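got a predicted structure here, sequence first:
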Amino acid sequence: MAVDSSTDRVSTTNWPSPFGVRTRLVASSALMLFTELALIRWTGSNVVHLSYFSNFVLLGSFLGIGIGILRSGRAKRLPYYSPVMLGLLVLVIAWKPVTVDRGTSSSVIYFTSLNTTGPPVWVILPIIFVAAAVVLAGPAELVGRCFAELPRLTAYRYDLIGSLVGIAAFTGLSFLGAPPIWWGAIVTVMFAALMIPRPRSAAPTGRGLVAAGLSGALVLAPLLVMVGVLFHESTRPENSWSPYYKVQTKAFTWQNVPLLTITVNGVPHQQAIPADARLQWEPQYGLPYERANVGKTPKNVLIIGAGSGSDVAIALKKGATHVDAVEIDPRIRDLGKALHPDRPYQDPRVTSHIDDGRAFLSRTDKKYDLILLALPDSLTLVNGASSLRLESYLFTQQAFESARDHLNPGGAFAMYNYYRETWLIDRLASTAQSAFGHKPCVDKVGDDLQQAVVTVGLTEADQTCSGEWGGPSAITPPPATDNRPFLYLFTDRIPSLYLITLGLVLVAGLIGVGIAGGGSSYRRMRPYTDLFLLGAGFMLLETKSITGFALLFGTTWVVNAIVFAGVLVAVLAAVEVTRRFKTPPLKVMYVVLFGGLVLAWLFPDEWLLSMPVGLRALVAVVIAFLPIFAANVIFAKRFTDTADGTASFGANLLGAMLGGCLEYAALIIGFDGLLIIAALLYLGAFLLRPKTPAVVRS
C-alpha cells in the first residue's frame with residue numbers, strides 16, 4: 001500500500017531546484033553515492049596509509065547518510081554545511097598532508113613507507129570519519145526531502161536508481177583513468193543544480209537576489225576551492241590515476257643505469273630496473289631460477305604481480321621461452337610497457353594479462369615450469385571489505401594448492417618480498433609445506449626488512465636448497481585460508497588499534513545522531529529497531545557477497561563494481577516485486593531468507609571454484625543474491641507500513657553502520673562466520689517486528 005503520512009511531510013517551499021521530485025531524488029541519490037566513492041578514493045590516495053582503513057570512510061558515510069535522512073524532516077535550511085566541509089577537507093589534506101601513524105605493534109603488517117610519523121591512527125581515523133559523515137549528510141538530506149513527497153516504495157525505487165547512476169558514473173571514470181578534477185567537477189555541478197536557488201518570478205525582489213547570491217556563494221565558493229586543488233593535482237605531469245591508486249613516476253639515472261621509480265598513494269611501490277642491473281645489485285631475484293628445476297631452465301613461466309615488468313625481464317634473461325605476465329593494475333602495467341628500460345612487455349615471448357592472479361589460475365588450464373609471486377603487495381583494500389586486501393587470496397593454502405596443480409612435472413612455485421617479520425616468512429613457508437607435502441627452500445636476505453625468497457618444487461627432488469628450513473616456530477600462525485585470508489594478521493584476535501578506533505567511531509555516531517535529531521532521533525527510531533537490525537544484517541550480506549565474488553572472480557575493480565551494482569539491482573528487483581505483486585507474508589519471507597543463509601553456509605567455495613566459469617557465475621549469483629533479495633522484500637514490506645518514513649529509513653541506514661563495524665569479526669571467525677552474525681541479526685529483526693501493521697494515511 002502506498003502511503004504518504006502527514007507526519008512525513010516537510011515544507012518544500014525552500015526547495016530551489018526547478019526539477020520534478022523524481023528527478024531531484026535520482027540526482028540527489030546519484031550525488032550521494034558518487035561523492036561517497038570519490039571521497040573513499042581521494043582520501044585514501046592522499047592520506048598516507050589511509051587506504052588500509054578505507055572502511056572507516058565508508059562507515060562515516062553511512063552515519064552521515066543516516067543523520068541526513070533524519071534531519072530532512074526538521075531542517076529549515078538547505079545543507080550548506082556539506083559543500084563547505086567537502087571544500088575544507090580537500091583543502092586541509094592538500095595543504096597539510098597527513099601520515100597515519102600505525103604504531104610499533106607487529107600484530108598487523110602494512111606494506112608502506114618506513115616513515116610513519118603523524119597523528120596516531122585512533123586520532124586521524126575518527127576525524128576522517130566525522131568529516132565524511134558531515135559531507136554525506138548533505139546529499140542525504142536532499143534525498144530525505146524527496147522521500148517526504150513520494151509514496152514510500154516509489155521514493156525508495158528512485159533512490160536506488162540514482163545510486164546505480166552514481167556507481168555507473170564513477171565506474172566509467174575509473175575505466176577511463178580520469179583524474180580527480182573530473183570527480184570534483186561533477187560533484188560541483190550536481191551540488192549547484194540541486195542547491196542554488198532559482199528566481200521564483202520574472203522580477204525577483206532585491207532581498208530574493210541577495211538570498212540567492214548568499215546561497216550560491218555558500219555552495220560554490222568551497223567547491224571551487226576544491227576544484228582548484230584537484231586541478232593542480234590532476235595536471236602535475238608526474239601524476240596519473242589507476243582504478244586503485246594515485247600513481248607518481250620519476251625517471252632518473254644512477255650509475256649510468258636508467259631507472260623508473262613508481263610511487264602509489266604516496267608510498268614507494270616499485271622500480272623499473274634493467275634485468276642485468278637488478279641481478280647484479282640484488283642477486284636474490286635470481287634465486288627462484290637457481291632453486292627450482294634442479295638446474296634446468298624453466299621454459300613456461302607465470303608471473304603474478306608482474307607490475308612494471310622487472311620480474312618479466314629477469315625471466316626472459318633466465319631463458320624463458322614464454323611468460324604469462326599477470327598484473328592487476330592497468331596503469332602500472334602501461335607505465336612499464338612504455339618506460340621500462342628493457343621493454344619486456346614488447347617481447348613476443350610475453351603475454352600480458354590485466355587480472356587478479358588467483359582468478360587467472362582458476363580460469364586457465366595451462367601448466368607452467370615456474371609460477372612466481374613477484375612482490376604482490378597491494379597498498380589498498382577491496383572496496384567494501386574491512387580487511388581484505390587486493391592480494392589476500394593469493395597467499396592462502398588453497399591458492400598454493402591451485403598453483404601446485406598448475407605446475408608441469410619438475411616445476412616449482414616461488415615467491416619473494418620484504419616480509420618485515422620472521423613469523424610471516426615462516427607462515428608462508430609453512431603454507432607451502434602444507435600444500436606441497438615437503439619443506440620449501442627459504443633464503444633470507446640480511447636486512448631489517450626481512451627480505452626472503454621461498455621456493456618449493458612440485459616434489460622435493462625438484463628443488464635444490466642451500467640449507468634446510470628449520471620449520472615453523474611455536475609462535476608461527478597457521479596457514480591463511482580462503483575463509484580467513486588474513487596473512488598479515490599475527491594474532492587470532494581483533495587488533496587493539498581496530499577496537500579503539502571502532503569504539504571512538506561508535507561513540508561519535510551516537511553523539512552525532514543525538515545532536516542531529518535535536519534529542520528526538522532515538523525516540524523517533526525506537527519503533528523501528530527491527531529495521532535497524534535489517535540494515536546491519538544487510539551490510540554483512542553485502543560484505544560476504546563482495547568477498548565471495550572476489551575469491552571466485554578476482555579482486556579487480558571491475559568485479560567489485562559489478563558486485564556493488566548487482567546488489568543494488570537485487571534490491572531494486574525486490575522493491576519492484578513488492579510494488580507490483582502481492583508478496584507472501586513477512587513470516588514466509590523470513591523463512592526464504594533463512595533458507596538462503598543456510599544454502600550459502602552449506603555450499604563451500606571449493607565447489608564453486610571447481611565449476612566452469614559460466615556455471616560458477618550462475619550458481620554464485622543465486623547463492624549470494626537469494627538472501628539479499630528476500631531481505632529486501634522484507635524491508636520493502638515493512639518500510640511501506642511505517643508511520644515515519646525518514647526515521648525508519650534513517651534507522652535502517654544507521655544499522656548498516658553497525659554492520660560495517662561487525663564486519664571486523666571476520667578477523668576472528670572468517671567470512672563464513674559473518675553469515676551466522678547476519679542470521680542472529682535477522683532473527684532479532686523477526687522477533688522485534690510489529691505484530692500488526694502501523695496505521696498510516698494513504
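Alright, I've got the coordinates. Residues are numbered from 1 along each chain as shown.

only C-alpha atoms for contact and neighbour calcs from this point on.
OK.

which residue ranges of the protein form strands?
239-241, 246-254, 257-264, 267-272, 300-304, 322-327, 350-354, 368-374, 407-418, 441-445, 451-457 (DSSP state E).

could you dump those strands to TSV with distance to residue 131 and mean neighbour count?
Conversion of the strands of the chain to TSV gives the following (distance: least, C-alpha to C-alpha, whole Å; neighbours: other C-alpha atoms under 10 Å):
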stretch	distance to residue 131	mean neighbour count
strand 239-241	24	20
strand 246-254	21	15
strand 257-264	24	19
strand 267-272	24	20
strand 300-304	38	26
strand 322-327	34	23
strand 350-354	35	17
strand 368-374	38	25
strand 407-418	35	22
strand 441-445	43	21
strand 451-457	39	26
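
ranking those by mean pLDDT, which is last?
Across these, strand 267-272 has the smallest mean pLDDT, namely a mean of 86.

can you pull out the low-pLDDT segments for the chain?
Counting by pLDDT under 70, the chain contains low-confidence residues at 1-18, 49, 51, 96-123, 197-213, 294-295, 384, 447, 517-519, 692-698.

which among the strands of the chain is found nearest to residue 595?
strand 350-354 (37.4 Å; C-alpha to C-alpha).

which strands or helices does the closest one pack on?
Counting contacts by 3 or more C-alpha pairs under 8 Å, 6 or more residues apart in numbering; DSSP states H and E, strand 350-354 packs against strand 322-327.

change it to 10 Å
strand 300-304, helix 310-317, strand 322-327, helix 330-339 (3 or more C-alpha pairs under 10 Å, 6 or more residues apart in numbering; DSSP states H and E).

now what about that strand, what contacts it?
Strand 350-354 is contacted by residues 301-304, 306, 309, 312-313, 315-316, 320-331, 333, 337, 344-346, 360, 556 when judged by C-alpha atoms under 10 Å, 6 or more residues apart in numbering.

can we see that at 7 Å?
With contact meaning C-alpha atoms under 7 Å, 6 or more residues apart in numbering, strand 350-354 is reached by 322-330.

tally of neighbours for the residue nearest to residue 147 when sequence neighbours are not counted?
Counting by C-alpha to C-alpha, 6 or more residues apart in numbering, residue 147 lies nearest to residue 155, which is 5.3 Å off, once chain neighbours are set aside. Number of residues near residue 155 (other C-alpha atoms under 10 Å) recorded here: 21.

what ranges do the helices span in the stretch 401-550 of the chain?
Here the stretch 401-550 of the chain has its helices, by DSSP state H, counting those that start in this stretch, at 422-436, 496-516, 521-525, 529-553.

before we move on, what about the stretch 51-200 of the chain?
Under DSSP H, counting those that start in this stretch, the stretch 51-200 of the chain gives helices at 54-71, 81-95, 121-147, 152-176, 180-195.

of these, flag the one that's most buried.
helix 54-71 (a mean of 29; mean count of other C-alpha atoms under 10 Å).

would you list the phi and psi of residue 584?
phi -60, psi 160 (degrees, to the nearest 10).

my bad, should have said residue 274
phi -60, psi 140.

just residue 556 next, same as before
phi -70, psi 160.

and the closest residue to it other than its chain neighbours, what does it touch?
For residue 556, ignoring the flanking residues on the chain, the nearest one in space by C-alpha to C-alpha, 6+ apart is residue 356 at 6.1 Å. The neighbours of residue 356, taking C-alpha under 7 Å, 6+ apart as the test, are 327-328, 554-556.

turn those residues into a markdown table, columns for distance to residue 141.
Formatted as a markdown table, these follow (distance: C-alpha to C-alpha, whole Å):
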| residue | distance to residue 141 |
| --- | --- |
| 327 | 41 |
| 328 | 38 |
| 554 | 36 |
| 555 | 33 |
| 556 | 33 |
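
who wins for most neighbours among these?
Result: residue 555 is most packed of the contacts of residue 356 (other C-alpha under 10 Å), 29 neighbours.

distance of it from residue 178?
Per C-alpha to C-alpha, to the nearest Å, residue 555 is found 21 Å from residue 178.

distance of the residue nearest to residue 147 from residue 238?
Residue 155 is 45 Å from residue 238, by C-alpha to C-alpha.

and the closest residue to residue 401 other than its chain neighbours, how many neighbours?
Excluding its sequence neighbours, the residue lying closest to residue 401 (C-alpha to C-alpha, 6+ apart) is residue 435, at 5.2 Å. Look at residue 435: counted by other C-alpha under 10 Å, it has 22 neighbours.

repeat for residue 503
15.

now do residue 511
11.

tell me the contacts of residue 188?
Counting by C-alpha under 7 Å, 6+ apart, residue 188 has contacts residue 223.

ditto for residue 164
565, 568.

ok so, going back, which of the helices of the stretch 401-550 of the chain sits most buried?
helix 529-553 (a mean of 25).

which outside residues touch it?
With C-alpha under 7 Å, 6+ apart, helix 529-553 has contacts from 359, 384-385, 393, 559-560, 563, 609, 624, 628, 648, 651-660, 663, 671, 674, 678, 681-682, 685, 688-689.

out of those, which are buried?
By neighbour count, with 16 or more other C-alpha atoms under 10 Å, those hold 359, 384-385, 393, 559-560, 563, 609, 624, 628, 648, 651-660, 663, 671, 674, 678, 681-682, 685, 689 as buried.

among the contacts of helix 529-553, which are in helices?
Judged by DSSP state H, the contacts of helix 529-553 include 359, 559-560, 563, 609, 624, 628, 648, 651-660, 671, 674, 678, 681-682, 685, 688 as members of helices.

just give me the neighbour total for residue 227.
Residue 227: 24 neighbours (other C-alpha under 10 Å).

how about the contacts made by it?
Residue 227 neighbours (C-alpha under 7 Å, 6+ apart): 181, 184-185.

repeat the analysis, applying 10 Å as the threshold.
Neighbours of residue 227 in contact, by C-alpha under 10 Å, 6+ apart: 87, 90-91, 180-188, 221, 233.

now residue 400
Here residue 400 is in contact with 358, 393-394, 406, 413-414, 428, 431-436 (criterion: C-alpha under 10 Å, 6+ apart).

wait, residue 55 sits on residue 389?
No. Counting by C-alpha atoms under 10 Å, residue 55 stays clear of residue 389, with 11.7 Å between them.

now do residue 393 against residue 264, distance only.
Residue 393 is 21 Å from residue 264, by C-alpha to C-alpha.

what residues of stretch 479-491 count as buried?
479-490.

list just the nearest of the residues you listed to residue 613.
Nearest to residue 613, judged by C-alpha to C-alpha, of the buried residues of stretch 479-491 is residue 482 at 18.3 Å.

name the nearest residue to that closest one, sequence neighbours excluded.
Per C-alpha to C-alpha, 6+ apart, closest to residue 482 is residue 396, 5.9 Å.

show me what contacts that neighbour?
Applying C-alpha under 10 Å, 6+ apart, the residues near residue 396 are 402, 428, 431-432, 435, 479-487.

using CSV, list the CA coordinates for stretch 219-234.
Extracted in CSV, the C-alpha atoms of stretch 219-234 (Å, rounded to 0.1, in the frame of the first residue of the first chain):
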residue,chain,number,x,y,z
VAL,A,219,27.7,26.3,-2.3
LEU,A,220,30.1,27.4,-5.0
ALA,A,221,32.9,29.1,-3.0
PRO,A,222,34.2,26.0,-1.1
LEU,A,223,33.6,23.7,-4.1
LEU,A,224,35.6,26.0,-6.4
VAL,A,225,38.4,25.8,-3.9
MET,A,226,38.1,22.0,-4.1
VAL,A,227,38.1,22.1,-7.9
GLY,A,228,41.2,24.3,-7.8
VAL,A,229,43.1,21.9,-5.6
LEU,A,230,42.1,18.9,-7.7
PHE,A,231,43.0,20.7,-10.9
HIS,A,232,46.5,21.4,-9.5
GLU,A,233,46.8,17.7,-8.5
SER,A,234,45.4,16.4,-11.8
